[in-house]
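A.B. asks: predicted model, plus sequence, below.
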Amino acid sequence: KMHHCVVTAQQSQELTHLIRELADEENLHDCILNCSLDSGHVRANRFLLCMSSPVLRRMFCGGFRESFSGEVTIEEVSSASLQRTLQLWVGNEIVADSLEDLMSIGVVADRFEMKPVLDAVEDAMRRALHADE
């Protein structure tokens, strides 16, 4: 007779690598995020967006207009800030040129409840501020 046993597959690094690859796969980009601040847009994969943000998940899966059209208009956000926020979420490193740059990414991460990105931005801001002391 077999007793219960717990089996766990350690795939977090592999999964992160796969998400990073799939995020850049243009054939999988099935939605457009229109940014009102600069009239730019970011093409992305809905599935990965839903994984990255509970706010975007509600938009795409909650029966809202966005779930049918595949287009979201994001007010007061630049396409560069949005793109950099998404790049951080998939595990890519970015180089921030200023505290303002970090803050713009933090605003996007906060608005879309992307906690890991917001935590990383806050940590980078703390390090930048302490480096100036």
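C.D. replies: Sure thing, it's come through. The shown structure was predicted, so the numbers you read here are calculated from the model rather than taken from an experiment.
A.B. asks: need the pLDDT of Gln13.
C.D. replies: On pLDDT, Gln13 comes in at 78.
A.B. asks: ok, now which ones touch the residue positioned nearest the centre of the chain?
C.D. replies: With distances taken as C-alpha atoms, centre = their mean, the residue of the chain nearest its centroid is Leu86 (3.3 Å). Contact analysis of Leu86 by C-beta atoms under 8 Å, 6 or more residues apart in numbering lists Ala23, Val42, Ala44, Leu49, Ser52. In this view, the C-beta of every residue, glycine as well, is placed from N, C-alpha and C.
A.B. asks: and Leu99, by the same measure?
C.D. replies: By C-beta under 8 Å, 6+ apart, the residues touching Leu99 are Met125, Ala128, Leu129.
A.B. asks: 7 Å instead?
C.D. replies: Leu99 sits next to Met125, Ala128 when contact means C-beta atoms under 7 Å, 6 or more residues apart in numbering.
A.B. asks: try the one 5 residues further on
C.D. replies: By C-beta under 7 Å, 6+ apart, the contact set of Ser104 is Ser78, Ser81.
A.B. asks: in what helix or strand does it lie?
C.D. replies: Taking DSSP states H and E as the definition, one finds Ser104 inside helix 99-111.
A.B. asks: buried residues in that helix?
C.D. replies: For helix 99-111, burial by neighbour count (16 or more other C-beta atoms under 10 Å) applies to Asp101, Leu102, Ser104, Ile105, Gly106, Val107, Val108, Ala109, Arg111.
A.B. asks: of the residues you listed, closest to Met59?
C.D. replies: Taking C-beta to C-beta as the measure, Met59 lies nearest Arg111 of these, at 11.9 Å.
A.B. asks: can you give me the buried ones in the lowest-mean-pLDDT helix or strand in the chain?
C.D. replies: The weakest-scoring helix or strand in the chain, judged by mean pLDDT, DSSP states H and E, is helix 65-69 (a mean of 78). Residues Glu66 are the ones in helix 65-69 that count as buried (16+ other C-beta under 10 Å).
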